[in-house]
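**Student:** Here you go, sequence then predicted model.
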Amino acid sequence: MKRLIGVSTWVWESPLTDANLGGHLARIAAIGFDAVELPLENAGDFTPAAVRESLESTGLAPFIVGAMAPGRDLVAAAPASVERTQAYLMACVTMASSIGSPTVCGPFYAQTGRVWRMSPGQRREAYAELRQNLQPVADRAREAGVVLGIEPLNRYETSLINTVDQALEALGPLLGNGVGLALDSYHLHIEERSLAAAVRAAGEHVVHVQVCGNDRGAPGGDQTDWEGFLQALDEVGYSGPLNIESFTADNAAIAVAASIWRPLAPSQDELAARGLAFLRGV
């Protein structure tokens with residue numbers, strides 16, 4: 001299946017703003033990508049008008065992603081924190097609707113890096129609370145014609161949703177009602193016994209896919225079962241983009257948040273171009 005291939009601006013810089021997005025989108029289009037992931041780290045970082053102008057000049061397809069920074073939680077948190085998180089996610093939905101992004105994706109349940117032990121009963125309670133607090137955002141997304149893609153993360157970044165099976169359990173009746181799953185090959189490679197089996201389990205609920213090498217660098221030439229992974233995506237009927245998500249070690253905030261302690265390629269442009277060439281080839 002021929003797919004759009006995109007890349008996150010996090011490969012080069014954080015945060016994305018009106019001041020720098022034009023240059024990044026021009027660079028991404030020049031490398032040869034079809035699509036771009038636009039991380040809205042905070043409401044107001046960039047504006048719909050600036051994004052639409054750059055999209056028009058580059059022809060890139062946009063996809064909004066969010067970030068669960070400190071203080072953003074929908075589970076086991078103070079009511080004020082939950083309300084702030086809901087407001088942030090609704091701002092992401094509004095941005096997506098304004099620029100033509102079909103999805104808003106991310107680990108929208110707890111602050112990234114927040115981990116705690118849970119008994120089976122406590123986990124069931126946490127999942128019920130997640131559904132309750134995510135429901136208003138899902139309703140807003142559905143009204144806006146946007147789908148929330150909830151992303152499982154590896155065990156070192158969350159203890160709440162690590163696997164596709166956990167995501168299916170946690171989200172339950174919300175799936176298909178403004179909510180789907182966003183799968184990231186990096187996290188799947190750590191947590192799942194089989195990437196292909198995880199995709200098949202997610203099935204029709206896959207709404208967005210992020211890819212990178214198992215070392216967080218360019219996809220291709222690494223240990224990932226790319227053939228099995230991509231075949232499974234075809235089998236479940238996923239027709240969305242493959243977006244490269246990697247990060248730069250040159251930005252202190254993003255390097256610490258993503259644990260990027262060394263360069264993953266001679267340059268970020270080379271990382272992106274090499275990943276694009278591999279994905280085009282397969």
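**Tutor:** Now that the structure is in, tell me what you want to look at.
**Student:** Could you pull up the residues touching the closest residue in space to Glu227 that isn't next to it in sequence?
**Tutor:** Leaving out its chain neighbours, the residue that sits closest to Glu227 by C-beta to C-beta, 6 or more residues apart in numbering is Val282, at 7.3 Å. The way it works is simple: take the backbone N, C-alpha and C, and place the C-beta from them, glycine included. For Val282, the contact set (C-beta atoms under 8 Å, 6 or more residues apart in numbering) comprises 220, 226-227, 230.
**Student:** Then Leu183 would be within a strand, right?
**Tutor:** Yes - under DSSP: H, G, I helix; E, B strand; the rest coil, Leu183 falls within a strand.
**Student:** ok, it - contacts?
**Tutor:** Contacts of Leu183 (C-beta under 8 Å, 6+ apart): 151-152, 164, 198-199, 202, 206, 208-210.
**Student:** and Glu143, how many neighbours does it have?
**Tutor:** Each residue near Glu143 was counted by other C-beta atoms under 10 Å, and the total is 11.
**Student:** ok, and it, which helix or strand is that part of?
**Tutor:** helix 120-144 (DSSP states H and E).
**Student:** Can you mark which positions in that helix are buried?
**Tutor:** 123, 126-127, 129-131, 133-135, 137-138, 140-141, 144 (16 or more other C-beta atoms under 10 Å).
**Student:** With adjacent residues omitted, what lies nearest to Val51?
**Tutor:** In space, Val51 is closest to Ile99, 4.8 Å off (C-beta to C-beta, 6+ apart).
**Student:** For the one you found, list the residues it contacts.
**Tutor:** So Ile99 contacts 38, 48, 51-52, 55, 62, 64 (C-beta under 8 Å, 6+ apart).
**Student:** Mind checking which of these land in helices?
**Tutor:** Among the contacts of Ile99, the members falling in helices (DSSP state H) are 48, 51-52, 55.
**Student:** now the residue of the chain positioned farthest from its centre: how far from Ala128?
**Tutor:** Distance from the centre of the chain peaks at Gly121, with 28.4 Å (C-alpha atoms, centre = their mean). Relative to Ala128, Gly121 is positioned 11 Å away (C-beta to C-beta, to the nearest Å).
**Student:** do Pro70 as well
**Tutor:** 24 Å.
**Student:** what do you get for Ala196?
**Tutor:** 31 Å.
**Student:** can you check Ile190 too?
**Tutor:** 26 Å.
**Student:** try Thr103
**Tutor:** Thr103 is 25 Å from Ala128, by C-beta to C-beta.
**Student:** Can you classify the nearest residue to Ala144 once chain neighbours are set aside by secondary structure?
**Tutor:** In space, and not counting its chain neighbours, Ala144 is closest to Ser97: 4.0 Å by C-beta to C-beta, 6+ apart. With three-state DSSP as the basis, Ser97 sits in helix.
**Student:** Surely Ser97 and Glu143 touch.
**Tutor:** No - look at Ser97 against Glu143 with C-beta atoms under 8 Å: they stay out of range, at 9.0 Å.
**Student:** Quick check: of the contacts of Val282, which has the highest neighbour count?
**Tutor:** Of the contacts of Val282, with other C-beta under 10 Å as the count, Leu230 tops at 22 neighbours.
**Student:** for that one, what are its contacts?
**Tutor:** Val282.
**Student:** Check what pLDDT it gets.
**Tutor:** Listed pLDDT for Leu230 reads 98.
**Student:** Equivalent analysis for Ala258, please.
**Tutor:** 88.
**Student:** Chain neighbours aside, what residue packs nearest to it?
**Tutor:** Phe247 (4.3 Å).
**Student:** Let me see the residues that make contact with stretch 210-228.
**Tutor:** The set of residues external to stretch 210-228 that reach it, using C-beta under 8 Å, 6+ apart, is 8, 37, 105, 151, 182-186, 189, 194-196, 242-247, 258, 260, 264-265, 271-272, 274-275, 277-279, 281-282.
**Student:** Can you turn the buried part of these into a PyMOL selection?
**Tutor:** This is how PyMOL selects the buried members of the contacts of stretch 210-228, with burial counted by 16+ other C-beta under 10 Å:
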select buried, resi 8+37+105+151+182+183+184+185+186+189+195+196+242+243+244+245+246+247+258+260+264+265+271+272+274+275+278+279
